[in-house]
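Participant: This is the structure alone, sequence omitted:
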């Protein structure tokens, strides 16, 4: 499922994913409701059309990772944790590529978070198969990343809250 918040690109987003549900999100409540019922949702957002602070709050309170694609030519000026950028006026191929990149980047970030959590719970010097498996998963997710451009590197290195 593709969740889309913006104006003027819904047809392009739909063309990028024929056969996949594209749900237009106009409010934070609609985003929250859509995420409750979506297993593998990706959020494509034009930051000019929705409160990015509220989006971040929703993303932080959901129980799973929500890959996010930002529609902006100036991602550094946007206060939102995103996984890929498609630009202000993308075509269907650019959106499709950005969504795939966001899914891979989000999966890698999630695997690193899991590795971090296991590492915090692990006693130093103690052999732990689960920790090794988690490390292998993170390594595989890194290998699965698309070629790293400067935006993706910034996303991967961005500091995030860890509990």
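Facilitator: Received the coordinates, thanks. Keep in mind the model is a prediction, meaning the values are calculated, not measured.

Participant: Where does pLDDT dip in this structure?
Facilitator: 37, 63-64, 158-163 (pLDDT under 70).

Participant: rerun that using 50 as the cut-off
Facilitator: 162-163 (pLDDT under 50).

Participant: so where do the helices sit in it?
Facilitator: 10-16, 28-36, 52-61, 92-121, 129-143, 150-157 (DSSP state H).

Participant: Need those in a markdown table (columns: mean neighbour count).
Facilitator: C-betas here are computed from N, CA, C, even on glycine. Compiled in a markdown table, the helices of the chain are given as follows (neighbours: other Cβ atoms under 10 Å):
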| stretch | mean neighbour count |
| --- | --- |
| helix 10-16 | 18 |
| helix 28-36 | 16 |
| helix 52-61 | 15 |
| helix 92-121 | 18 |
| helix 129-143 | 14 |
| helix 150-157 | 14 |
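
Participant: contacting residues around the residue nearest to the spatial centre of the chain?
Facilitator: The structure's the chain has its C-alpha centroid closest to residue 67; by Cα atoms, centre = their mean the separation is 1.9 Å. Contacts for residue 67 (Cβ atoms under 8 Å, 6 or more residues apart in numbering) come out as 42-43, 83-84, 99, 102-103, 105-106.

Participant: Touching, residue 146 and residue 102? I think so.
Facilitator: No. Using Cβ atoms under 8 Å, residue 146 is not in contact with residue 102; the gap is 10.2 Å.

Participant: still on that earlier bit, could you dump the helices of the chain into CSV with distance to residue 72 added?
Facilitator: Listed next are the helices of the chain as CSV, based on distance: least, Cβ to Cβ, whole Å:
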stretch, distance to residue 72
helix 10-16, 15
helix 28-36, 18
helix 52-61, 10
helix 92-121, 11
helix 129-143, 25
helix 150-157, 10
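
Participant: nearest to residue 75, of those?
Facilitator: helix 150-157 (6.2 Å; Cβ to Cβ).

Participant: roughly how far apart are the most far-flung residue of the chain relative to its centre and residue 133?
Facilitator: Within the chain, the residue lying farthest from the chain centre (Cα atoms, centre = their mean) is residue 125, at 34.3 Å. Per Cβ to Cβ, to the nearest Å, residue 125 is found 18 Å from residue 133.

Participant: just residue 121 next, same as before
Facilitator: Applying Cβ to Cβ to residue 121 and residue 133 gives a distance of 14 Å.
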